[in-house]
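Participant: no sequence on this one, just coordinates:
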């Protein structure tokens, strides 16, 4: 589902695709991940020309605990997509 990961510094983007070969955008998956992370009280952004890129922009004063919380929320969200 993850077709590409890119970014600089604390701003990272995960491009979600339906097929890694064709790189067909998966904006519906981004919407579902955003809803699931929001349920876990973690907010992420959406971007990209097709709305299929998850944006994570950690604040400069973020701690490793904040990063761990984001990763746990994303992991649970992707697991929920697979169910």
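Facilitator: Alright, I've got the coordinates. The structure displayed is predicted, hence computed values, not measured ones.

Participant: Now the most centrally placed residue in the chain: which helix or strand?
Facilitator: Here the mean C-alpha position of the chain is nearest to the C-alpha of residue 54 (C-alpha atoms, centre = their mean), at a distance of 3.7 Å. Using DSSP states H and E, residue 54 sits within strand 53-57.

Participant: The residue nearest to the centre of the chain reaches residue 42, doesn't it?
Facilitator: No: counting by C-beta atoms under 8 Å, residue 54 does not reach residue 42; the two are 11.5 Å apart. Glycine gets a C-beta too; all of them are placed from N, C-alpha and C.

Participant: which element follows the biggest strand by length in the chain toward the C-terminus?
Facilitator: Ranked by number of residues, the top strand in the chain under DSSP state E is strand 11-19. For strand 11-19, the following helix or strand on the C-terminal side (DSSP H and E) is strand 24-25.

Participant: If you count contacts, what does that following strand end up packed against?
Facilitator: Counting contacts by 3 or more C-beta pairs under 8 Å, 6 or more residues apart in numbering; DSSP states H and E, strand 24-25 is packed against strand 11-19.

Participant: And the strand it packs on, how far out from the chain middle?
Facilitator: Strand 11-19 has its C-alpha centroid displaced from the chain centroid by 7 Å (C-alpha atoms, centre = their mean, to the nearest Å).

Participant: And stretch 6-24, by the same measure?
Facilitator: 9 Å.

Participant: Looking only at it, what residues are buried by neighbour count?
Facilitator: Residues 12-17 are the ones in stretch 6-24 that count as buried (16 or more other C-beta atoms under 10 Å).

Participant: same deal with stretch 57-67?
Facilitator: In stretch 57-67, counting by 16+ other C-beta under 10 Å, buried: nothing.

Participant: quick revisit: what's the mean pLDDT across the longest strand of the chain?
Facilitator: The predicted model assigns strand 11-19 a mean pLDDT of 96.

Participant: partners of that strand in the sheet?
Facilitator: strand 2-8 (antiparallel), strand 24-25 (antiparallel), strand 53-57 (antiparallel) (DSSP bridges).
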